[in-house]
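Participant: need coordinates for the following:
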Amino acid sequence: MAAEFDNLPALFEQLTPEARIDAICKLSKYVLPTLASVSSGVIMRQEKPETDMFIIPGL
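Facilitator: Numbers count the residues shown, from 1 in each chain. Sure thing, here's the model as predicted:
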């Protein structure tokens with residue numbers, strides 16, 4: 001198996017550019033980490049709060 005990895009550059013040189021790109025894309029999933037999607041949101045700044053947090057109810 002190690003000999004096959006050592007022989008990869010020579011194998012890639014024999015491929016056409018399209019086949020080389022295809023092979024690299026297929027092999028990349030074994031080398032690169034899997035990425036998870038991240039969601040983003042918009043935080044709106046509220047100028048005046050609806051309730052005052054310093055008001056003590058009942059006073």
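Participant: any idea how far Thr16 lies from Leu8?
Facilitator: 16 Å (CB to CB, to the nearest Å). Quick note: C-beta positions are derived from backbone N, CA and C, even for glycine.
Participant: who has more neighbours out of these two?
Facilitator: Leu8 (11 against 8; other CB atoms under 10 Å).
Participant: tell me which element the more buried one is part of?
Facilitator: helix 2-14 (DSSP states H and E).
Participant: what sits up against that helix?
Facilitator: Residues outside helix 2-14 that contact it (CB atoms under 8 Å, 6 or more residues apart in numbering): 20, 23-24.
Participant: report the buried residues of it.
Facilitator: By neighbour count with 16 or more other CB atoms under 10 Å, helix 2-14 contains no buried residues.
Participant: tell me the mean pLDDT over it?
Facilitator: The pLDDT scores in helix 2-14 average 89.
Participant: and the residue positioned nearest the centre of the chain, what does it touch?
Facilitator: In the chain, the residue lying closest to the centroid (CA atoms, centre = their mean) is Leu35, at 3.6 Å. If you count contacts by CB under 8 Å, 6+ apart, Leu35 has none.
Participant: and the gap between it and Gln14?
Facilitator: 31 Å.
Participant: check Ser40 too.
Facilitator: 44 Å.
Participant: one more: Arg20?
Facilitator: Counting by CB to CB, the gap from Arg20 to Gln14 is 9 Å.
Participant: quick one: neighbours of Cys30, just the number.
Facilitator: Just so we're on the same page, residue 30 is Tyr rather than Cys. 6.
Participant: mind checking pLDDT for it?
Facilitator: 89.
Participant: same thing with the one 10 residues further on?
Facilitator: We have a pLDDT of 80 for Ser40.
Participant: and what of Gln46?
Facilitator: Value listed for Gln46 in the pLDDT field: 67.
Participant: likewise for the one 4 residues further on?
Facilitator: Looking at Glu50, its pLDDT stands at 66.
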